[in-house]
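> Predicted model, plus sequence, below.
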Amino acid sequence: MAIAINKIRTLTTCRFSFIGHNKVQVSTIIALLLLVLQNAASIIISTTQIQSCTTTEDKRFDPLTGILLSELLKVTISFVCITQTADPERNSLLSTLKIGHEEATLPALLYTAASFAQSIGTSHLDLVPYLALSQTKIILTPLLATLLLNQRFTPQHWTSTVTMTAGIILAQTGASQQTQHLTTASTNTHSLPGVLAMLLSGASVALGGISIERSLKRSATTATSATTFFVRNAQLAAHSLLFALLSFLWKWLSNCKTGTDVSSFFGGFSSLVWVFVVLQAAGGFLVAWCVGVTSSVTKNYAQGLGFAIAILGLLVVERRDVDVKVSVPLA
């Protein structure tokens, strides 16, 4: 009887612990699912409506302006949330923002460089190789996490990473074979700068994710989680805003010196561009949250799933038949 009672007590304790753990898991799963949807929607809008075609008044959307606006939106939201979550009696707003701000410099520079490199990739690559190369971060992130953070992954993690990467590459190979008769030999003559740019982008995103993960998890022990989260996002967005602004001014001055036609700041903007800007800002918060509660590797898994959904969405939007060579690797 005593043994039976002890077993019941043990089961009851495990039950309550399991329920408490489930609450954490549910919030994490919701965040990851939102990241999947955000990434899929951003890819579809970017490739079909923004970077692949012209917009209003035959002017192309400048990705740098999108970065500026999305980072400005992130800074504004973060500032508002900090004022609501921080304790004004302990530190002022300025003092709170200064804590560990130097840790946001490197990831902000890397993310800005990645966005700039992606804009180069879109101008030199077709849709299929661009999307395939954009997923190089999936295999680079665990490698960098092992080298820089001393993280240890099980063979299952490595198998999942390699399988996911292989599936994405095979899916893109199958999709490219479907449209091979529509491409010409001239499309690949100037693809090398685009390939190098996308490889640089993948490495920058992977290293930036590792840096922000280390910063978030290290600073979580010195402040409340909510305050730390928004402070790090404000710092990251502020640094990214500065780097993007400097890049935009440098590009604008270069165009003025060469006599190139300089469009207005909002040239090429449409309703979908504004949706894209909001999605990018939301994605920044989702990425930071997912990296903080899980890891950069898990975040990349979610974004990889969003990529797969986006590929299927693009096939539907462009009214292409889904070949077995595409659907099987995605599955």
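Received the coordinates, thanks. Quick caveat, the model's predicted, so the values are computed rather than measured.

> does residue 146 belong to a helix or a strand, and which?
helix 137-148 (DSSP states H and E).

> So, low pLDDT: which residues of this protein?
The model of the chain has pLDDT under 70 over residues 1-24, 48-60, 86-91, 93, 128, 164, 167-190, 219-226, 259-263, 317-331.

> same thing but 50
1-24, 53-57, 181-189, 223, 322, 324, 326 (pLDDT under 50).

> That one: helices as residue ranges?
Using DSSP state H, the helices of the chain run over 2-45, 63-85, 93-98, 105-124, 127-133, 137-148, 155-178, 192-219, 225-258, 271-293, 296-317, 324-330.

> and of the ones you listed, who's closest to residue 264?
Nearest to residue 264, of all those, is helix 63-85, at 9.5 Å by Cβ to Cβ. Where C-beta positions appear, they are placed from N, C-alpha and C, glycine not excepted.

> Packing partners of the closest one?
helix 93-98, helix 105-124, helix 225-258, helix 271-293 (3 or more Cβ pairs under 8 Å, 6 or more residues apart in numbering; DSSP states H and E).

> Buried residues, it. List them.
63-75, 77-79, 81-82, 85 (16 or more other Cβ atoms under 10 Å).

> ok, now stretch 249-261?
Under 16+ other Cβ under 10 Å, the buried positions of stretch 249-261 are residue 252.

> centre of the chain versus that stretch, how much separation?
When distances are taken as Cα atoms, centre = their mean, to the nearest Å, stretch 249-261 is centred 29 Å away from the chain's centroid.

> Stretch 230-246 now?
15 Å.

> Next: stretch 70-80.
The answer for stretch 70-80 is 17 Å, by Cα atoms, centre = their mean.

> and the gap between the residue nearest to residue 112 when sequence neighbours are not counted and residue 76?
In this structure, residue 112 finds its nearest non-sequential neighbour in residue 243, 4.2 Å apart by Cβ to Cβ, 6 or more residues apart in numbering. Per Cβ to Cβ, to the nearest Å, residue 243 is found 18 Å from residue 76.

> ok, now residue 35?
For residue 35, the distance to residue 76 - Cβ to Cβ - is 21 Å.

> same thing with residue 103?
Taking Cβ to Cβ, one finds residue 103 at 21 Å from residue 76.
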